[in-house]
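S.K.: Need a 3D model of the following:
(2 chains)
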Amino acid sequence: MLQLKVIREDKQRIINGLRKRNWTAQQVKIIDDILKKDDERRANQKELDDTLAEQNRLAKQIGALMGQGKKEEAETLKIQVAELKTLTKTLEERTGSIQQQLDNMLYSVPNCPHKSVPKGKTPEENKVAKDWKKPFPALPEDALPHWELAKKYNLFDFELGVKLTGSGFPVYRGKGARLQRALIQFFLDEAVKAGYEEILPPLLVNEESARATGQLPDKEAQMYKCDEDNLYLIPTAEVPVTNIVRGDIIPIKDLPVTMTAYTPCFRREAGAWGAHVRGLNRVHQFDKVELVRVEHPDNSYKALEGMVRHVEKLMNKLELPFRILLLCGGDMGFNSAKTYDFEVWSGAQKRWLEVSSVSCFETFQSNRMKLRFRDAEGKIELAHTLNGSALALARIVAALLENNQTPEGITIPKVLHRYTGFKMI
RNA sequence: GGAGAGAUGGCAGAGUUGGUUUAAUGUACCUGAUUCGAAAUCAGGCGUACCUUCGCGGGUACCGGGGGUUCGAAUCCCUCUCUCUCCGCCA
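M.R.: Okay, here's the model as predicted:
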């Protein structure tokens, strides 16, 4: 949620930002509506506060009169208060509904893109921030896609997943399962080495948490919900991990807060099935190691680049061909101010697969969840939040299997040997 | 799942026969005095949000969440959530 203060003071920049997200001149008018609604809110607030103040004053007088035994006079004042109460009730209801309307408007406005974010409407207009310069791995014409390799080497089984749960829930087995665990362990170790605190969070969160990171209200359909207990299965570790600091005021000396977590991620992906979603390309449950940072506003973009370098290092260690995209305004997520996507080259499918998304949210999340820090002078300010996948497993596995297939078997990158215990599948 | 107790400011902890309590007090923290410096001591300060003011300041709300009674609620009533103790079940 954008800050009202920023909209008020920096309106043109916000409007320009929304235009970069391809908002029409018509849509952008909501900014003016928001400001108008806020004026309305403030006027009402003032009136309400003044009325309550008067009421409090009279109540105190009544107390004093009662103490002195002047019952008659007290009764007169009571009548006055009764009138004020009617007015208060009206004002309270109106202020509440104005606030609700204002919040709804604010919820509907996406984050303002950073000035370095390119214009554009579609994924095709994303800027390649770093391309793959070397040749792709040489595979024979009859190279197998990962779902065929999985069958050949008995690594994971989709049909079995259907029997247990439904489509999109693969069952990993044998070396396939071991490879998953190896990757998780490797990613976590690298994150801890980079200074992130390891977190093992709950996989279900309450409504408040889902709201704070912005999954609610707009991404509700993406999450699995346990109605009985009113809990949601997490679509990413970002939700529980970022909520660890929800509502906190962090002393400046404790910044940045850096956390990492491995969790399975559950996504309904309703209506998202089509031609390009075979195998591990899109599943309902996948594993991911996530990085979360809370940063001082002056340092957040430096931190973003640092996270990108961290992911880059992982890709290099896994010896996978990849490229980095700087997302254009139109392709960026609702909450993000700037996002880099990592794509891995899937040799047999001959296409790029998204494996990581690293974003800076500025104060968009922290405003909603009231995540702040106290600076050296004691002043309180909203912190910046960032997160990124480092990395998402399923598609990494897909690329790894496809790119590394040889007539003798599938080779495992050297860096994983100590985790897998085998060098070849 | 059953029975009981409880939830107050960073922490501890009063207040629960409704009314100068504007939430006492301790502790932590900050500033100053004292000191060569420190400890100890003394003095002052010390929540969050919103509104208002050029500023000093002023106002409103918040004692787990929500609702109610009342001129007035931390205090009374309803409801939800959570915590603790005991019992049951259990990885």
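
S.K.: CA atoms for contacts and neighbours, from now on please.
M.R.: Will do.

S.K.: Count the residues that sit near whichever residue of the stretch 201-350 of chain A sits closest to RNA strand B.
M.R.: Closest to RNA strand B within the stretch 201-350 of chain A is A:Ile249: 7.9 Å, counting by C-alpha to the nearest atom of the strand. Residues near A:Ile249, counting by other C-alpha atoms under 10 Å, number 16.

S.K.: what's the span of stretch A:409-417 from first residue to last?
M.R.: 15 Å (C-alpha to C-alpha, to the nearest Å).

S.K.: buried ones in it?
M.R.: For stretch A:409-417, burial by neighbour count (16 or more other C-alpha atoms under 10 Å) applies to A:410-412, A:415-416.

S.K.: So which of these reach RNA strand B?
M.R.: Among the buried residues of stretch A:409-417, no residue lies close to RNA strand B (C-alpha under 7 Å from any atom of the strand).

S.K.: least confident pick among the residues you listed?
M.R.: Among the buried residues of stretch A:409-417, A:Ile410 has the lowest pLDDT, at 91.

S.K.: Strands of the stretch 251-400 of chain A, residue ranges please.
M.R.: A:257-266, A:285-295, A:322-326, A:338-346, A:351-362, A:372-374, A:380-382, A:384-392 (DSSP state E, counting those that start in this stretch).

S.K.: need the contact list for A:Lys175.
M.R.: Listed by C-alpha atoms under 8 Å, 6 or more residues apart in numbering, the contact set of A:Lys175 reads A:155, A:425.

S.K.: Can you tell me how far it is from A:Glu73?
M.R.: Taken as C-alpha to C-alpha, the span from A:Lys175 to A:Glu73 is 87 Å.

S.K.: swap in A:Glu148?
M.R.: Using C-alpha to C-alpha, A:Glu148 is found at 91 Å from A:Glu73.

S.K.: With A:Ala143 instead?
M.R.: Distance of A:Ala143 to A:Glu73, computed by C-alpha to C-alpha: 96 Å.

S.K.: the more surrounded of those two?
M.R.: Set side by side, A:Ala143 and A:Glu73 show more neighbours around A:Ala143, with 18 against 13, by other C-alpha under 10 Å.

S.K.: Tell me if I'm right that the more buried one and A:Gln349 touch.
M.R.: No: when contacts are counted by C-alpha atoms under 8 Å, A:Ala143 is not listed as touching A:Gln349 (9.0 Å).

S.K.: I'd like the distance from stretch A:122-132 to the chain centre, please.
M.R.: What separates the centre of stretch A:122-132 from the centre of its chain is 21 Å, taken as C-alpha atoms, centre = their mean, to the nearest Å.

S.K.: Name the residues that touch that stretch?
M.R.: Stretch A:122-132 is contacted from outside by A:118-120, A:321-328, A:330-331, using C-alpha under 8 Å, 6+ apart.

S.K.: Report the mean confidence score over that stretch.
M.R.: Averaging pLDDT along stretch A:122-132 gives 89.

S.K.: One more: stretch A:327-341?
M.R.: Averaged across stretch A:327-341, pLDDT comes to 93.

S.K.: Next, the distance between the ends of it.
M.R.: Between the opening and closing residues of stretch A:327-341 lies a distance of 7 Å (C-alpha to C-alpha).

S.K.: Quick check: residues of chain A near RNA strand B?
M.R.: Near RNA strand B, when you scan chain A using C-alpha under 7 Å from any atom of the strand, you find A:42-43, A:45-46, A:48-50, A:52-60, A:62-64, A:66, A:78, A:81-82, A:85, A:380.

S.K.: Take the residues you listed and keep only those in helices.
M.R.: Among those, the members found in helices (DSSP state H) are A:42-43, A:45-46, A:48-50, A:52-60, A:62-64, A:66, A:78, A:81-82, A:85.

S.K.: And the helices in the stretch 101-250 of chain A?
M.R.: A:146-153, A:158-164, A:175-193, A:207-212, A:238-243 (DSSP state H, counting those that start in this stretch).

S.K.: buried set for the third one?
M.R.: Residues of helix A:175-193 classed as buried under the neighbour-count rule (16+ other C-alpha under 10 Å) are A:175-176, A:178-188, A:190-191.

S.K.: and if you look at the fourth one?
M.R.: By neighbour count, and taking 16+ other C-alpha under 10 Å as the criterion, the buried residues in helix A:207-212 are A:209-212.

S.K.: now do the second one
M.R.: Within helix A:158-164, the residues scored as buried using 16+ other C-alpha under 10 Å are A:158, A:161.

S.K.: Equivalent analysis for stretch A:251-264, please.
M.R.: Neighbour-count burial for stretch A:251-264, with 16+ other C-alpha under 10 Å as criterion, is recorded at A:252, A:256-264.

S.K.: mind giving me a markdown table with those and columns for pLDDT and distance to A:Glu362?
M.R.: Formatted as a markdown table, the buried residues of stretch A:251-264 follow (pLDDT from 0 to 100; distance: C-alpha to C-alpha, whole Å):
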| residue | pLDDT | distance to A:Glu362 |
| --- | --- | --- |
| A:Ile252 | 85 | 17 |
| A:Pro256 | 92 | 14 |
| A:Val257 | 93 | 14 |
| A:Thr258 | 95 | 15 |
| A:Met259 | 95 | 17 |
| A:Thr260 | 96 | 19 |
| A:Ala261 | 95 | 21 |
| A:Tyr262 | 96 | 24 |
| A:Thr263 | 95 | 24 |
| A:Pro264 | 94 | 26 |
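
S.K.: among these, which two are most distant?
M.R.: Within the buried residues of stretch A:251-264, A:Ile252 and A:Pro264 form the most distant pair, 32.2 Å apart (C-alpha to C-alpha).
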